[in-house]
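1. How does the following fold in three dimensions:
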Amino acid sequence: MSDKNKNTVFKAALMLSIFSGLSKILGFAREQVIAWRFGASALVDSYVAALVIPTVLSGILGGAIAVAFLPVFSTERAKGSGHRLAGTVFALTAFVSLITTIIAFAFAPQIISVLVRDFSLELQALTTSLLRIMAVLTFVMSMTQLLTILFQAHKQFFWPALTPIVMNAIIAVGLVLGGNIQWLAWLTVLGMLIPVMLMTYVAWRRGLPLITRLIMGDPAFKQVMRLSGPIFFSSLFGQLYLLVDRRLASGLDTGSLAALNFGNKLVQLPLGIFVMALTAAVYPTLAEHAAKGDKASFAQSLSSSLRGVTLLLVPAAVGMFVLRYPIVRLAFERGSFDAVATTRTAQALGYYSIGLIGAALAQVLGRGFYSMQDTMTPVKVGVATAFVNVALAVILVRPLAHGGLALANSLGFLFNALLLFYFLSSKLSKGSIRLLPLLIKVSGAAVVMGLVASLVLRVTINFGQVISLGMAVGVGVGVYGLLLIVLRVEEVTTVIKVVRTRLGI
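-> Numbers count the residues shown, from 1 in each chain. Next up, the predicted model:
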C-alpha cells in the first residue's frame, strides 16, 4: 500500500475515531440517563423489545443493499456512471423500506405477541404502542445506512460521523428534561430523523447522486441486487437470531432484557470508538484495491487493520471482564438503577466481553469479502453462525439465565470470526495476513494486565470507586504497554522509532 493510501486511511480513521469517541461518550450518557430515570425495569424491557423490530428490518433491507452498493459504485464512478446507479438504488431502498414501515405499524400487535409472548398482556400492549411510534425508524435507518455509504464512497466522513452524535445528544438532553417511556420512543425517532434529513440536504447541496431516472435494467444495478441477495439472506438469519434472543429473554426475570441492553452498550464502546471508525475508513480503500486487482495492497491494508484491532480490543475485553462490577457500578448505579440491576448488568457485561475480539475482527473481515464482491462466503458463514447462536442460546439460557444469552452471543462472534479469517486467508497469498503471532503476544500481555488491574482494584478499594477503578485501569494499561515493548510488537516498535526520530533522540 502506498504512503498516500496509508495516510488517507490513517487520517480518515483518526477523524472517525475522534467523532466516534464523542458519539460513544454521548451514547453512554444517554444510557446513563435512561438507567437513572427507568432503571433496569420492565419499561426498559418494553422499549428494547420494540426498538429491535425496526433495527432488524432496516438491517436486513437497507443494510444489505448499502454494503453491496459501495464496491459496485466505486467501479461505476470510475466509468462516470455512478449517478445513475446511486439514484436507482436510493429509489428502490426508499420504496421497500417505506412499505416495510407501514407493515410494521399495521401488524404491531401480532409482531409483539410473537416476539415477547411471555410478557404480561399489559406490557405487550405498552410494547405495541412503542413499536408503532418507532416503526418509521425502519425507513429512517435504511436511508441513513445508504447515505453513510454514499458519503464514504466519496471519502467524505464528517457528516456520517456526526449523525450518531446528534442522535445521542437529542435523546440524552430530551430525557433529562423529563418524560415517560413513550417520550423516550419519540426522542429516539426525532434523534434519528434530524440527522438523516441533514445528511440528505448536504448530499443534495454537494451534488452527490440521490435522485436520477430510475433504470432497473442497468447492469450495475443488477450487480448490486445480485450481491445484496446473499447479504440479505445472511442478514435475515442473523437478525432472526436476535429475535430468538429477545424471545428467550422475555421469559426471564423482569429487567433481564434491560440488563442485556446496558451490558451490550458498555461492550459496544470500544467497538464503536475504534473498530467501526477503522472499518468505515478502510472499506473504500479495500474496495479500490479489489477493483484494481491489487491483491498485495489489499492484503496489506487488511492485515494492518486486523492487527490494529487486535492490539486495542484484546486488552479492552480482558479489562471489561476483570473490572465488570466496578465499571457497571460507576456507570449506572444511581437513581432507579439499584444494586440488583448492577449485578445483572455486570454478569451480562462479563459474558459479552468474551466475544469482543470476535465481533471486532468479523467486522473488518466481512468488509474484506464485500470489497472483493464475494457475498456468498459471508452468507454461508453467517447462516452457520446463526444456527450455532440459536443452539447455544437455547442450551445456555437455562443454567445461566440472561448471562447464557450473552455468552451464546460471544461464542457466536468468535466462531464467525474464525471461519471468516480461514476463508479470506485462503483467497490471498499464503502468509499475507500475519495475525496469530501477534494474537498470542497480545493475549499473554492482556492476561498479565488483567491480573495486575484486579490486584490494584483490591488494594485501593477503600479510596473510593472512582480512584480505585482509575488506578486499576491506569496501572493495567501501563503494564500492557510495557509488555508490548518487551515482546517487541512490530506496531509499538514502529511508533517508538517515529517518536524518537521526531524528538531527535
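2. Go through the host helix or strand of Ile395 and flag the buried ones.
-> Assigned by DSSP states H and E, Ile395 falls within helix 376-400. If you call a residue buried by 16 or more other CB atoms under 10 Å, then helix 376-400 has these buried ones: 377-379, 381-383, 385-386, 388-390, 392-393, 396-397. C-betas here are computed from N, CA, C, even on glycine.
3. quick one: the helix or strand that comes right after that helix to chain centroid distance?
-> Going down the chain from helix 376-400, the next helix or strand is helix 402-427, by DSSP H and E. Helix 402-427 sits 15 Å away from the centroid of its parent chain (CA atoms, centre = their mean, to the nearest Å).
4. Tell me who's in contact with the closest residue to Leu269 other than its chain neighbours.
-> In space, and not counting its chain neighbours, Leu269 is closest to Lys24: 5.1 Å by CB to CB, 6 or more residues apart in numbering. By CB atoms under 8 Å, 6 or more residues apart in numbering, the residues touching Lys24 are Gln268, Leu269, Gly272, Ile273.
5. which ones among the residues you listed are found in helices?
-> Gln268, Leu269 (DSSP state H).
6. Whichever of the contacts of Lys24 end up buried, select them in PyMOL.
-> Entered in PyMOL, the line below selects the buried ones among the contacts of Lys24, by 16+ other CB under 10 Å:
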select buried, resi 268+269+272+273
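7. just the contacts of Lys24 now: which is nearest Ser454?
-> Taking CB to CB as the measure, Ser454 sits nearest to Leu269 out of the contacts of Lys24, at 20.3 Å.
8. wait, the closest one sits on Leu26?
-> No - counting by CB atoms under 8 Å, Leu269 stays clear of Leu26, with 11.5 Å between them.
9. quick one on the thing from earlier: packing partners for the helix holding Ile395?
-> Where contact means 3 or more CB pairs under 8 Å, 6 or more residues apart in numbering; DSSP states H and E, helix 376-400 is packed against helix 219-249, helix 356-371, helix 402-427.
10. for the stretch 1-150 of the chain, which spans come out with low pLDDT?
-> For the stretch 1-150 of the chain, the stretches with pLDDT under 70 are 1-17, 20, 62-63, 78, 80-82.
11. Just the helices from it, written as ranges.
-> Secondary structure of the stretch 1-150 of the chain by DSSP state H, counting those that start in this stretch: the helices cover 3-38, 42-60, 62-79, 82-106, 108-115, 121-134, 137-153.
12. Tell me what angle the second one forms with helix 121-134.
-> The directions of helix 42-60 and helix 121-134 differ by 40 degrees, with axes from the mean of the first three to the mean of the last three CA atoms, to 10 degrees as the criterion.
13. what angle sits between helix 42-60 and helix 137-153?
-> Using the same axes, to 10 degrees: helix 42-60 against helix 137-153 is 50 degrees.
14. from the chain's centre, how far out does helix 42-60 sit?
-> 15 Å.
15. so where is the stretch 201-350 of the chain shaky, pLDDT-wise?
-> 209, 211-215, 238, 277, 280.
16. what ranges do the helices span in it?
-> 219-249, 256-270, 276-292, 295-322, 324-332, 339-354.
17. what's the burial count for Met471?
-> By other CB atoms under 10 Å, the residues close to Met471 number 16.
18. What are the structural domain limits within the protein?
-> 3-434, 436-505 (automatic domain parsing).
19. The shortest one - what's its average pLDDT?
-> For domain 436-505, the mean pLDDT works out to 89.
20. Figure out how far that domain is from the centre of its chain.
-> Its chain's C-alpha centre and that of domain 436-505 lie 25 Å apart, by CA atoms, centre = their mean.
21. Kindly report the same for stretch 230-243.
-> Using CA atoms, centre = their mean, the offset of stretch 230-243 from its chain centre is 15 Å.
22. Now it: buried residues?
-> Neighbour count says stretch 230-243 has Pro230, Ile231, Phe232, Phe233, Ser234, Ser235, Leu236, Phe237, Gly238, Gln239, Tyr241, Leu242 buried, by 16+ other CB under 10 Å.
23. how much space between Cys439 and Val48?
-> Just so we're on the same page, residue 439 is Leu rather than Cys. For Leu439, the distance to Val48 equals 33 Å [CB to CB, to the nearest Å].
24. now do Ala42
-> 11 Å.
25. Same question for His289.
-> From His289 to Val48 the distance is 39 Å (CB to CB).
26. Please apply the same query to Gly355.
-> For Gly355, the distance to Val48 - CB to CB - is 19 Å.
27. How about Ala362?
-> 23 Å.
28. of these two, who's got more company?
-> Ala362 (26 against 22).
29. From Gly178, how far out is that one?
-> In terms of CB to CB, Ala362 sits 40 Å off from Gly178.
30. same question, Val448
-> Distance from Val448 to Gly178, by CB to CB: 47 Å.
31. next one: Leu400
-> From Leu400 to Gly178 the distance is 37 Å (CB to CB).
32. Ala317 too?
-> Distance from Ala317 to Gly178, by CB to CB: 37 Å.
33. the more surrounded of these two?
-> Legend: neighbour count by other CB under 10 Å for Ala317 and Gly178, higher for Ala317 (25 against 8).
34. just checking, that one touches Tyr351?
-> No - using CB under 8 Å, Ala317 is not in contact with Tyr351, being 11.3 Å away.
35. for the domains of the chain, which one ends up most surrounded?
-> Here the criterion is mean neighbour count by mean count of other CB atoms under 10 Å, and of those the winner is domain 3-434, at a mean of 20.
36. Now find how far off-centre it is within its chain.
-> 4 Å.
37. who touches Asp374 in this structure?
-> By CB under 8 Å, 6+ apart, the neighbours of Asp374 are Lys427.
38. still on that earlier bit, and the angle for the helix holding Ile395 with helix 402-427?
-> Using the same axes, to 10 degrees: helix 376-400 against helix 402-427 is 160 degrees.
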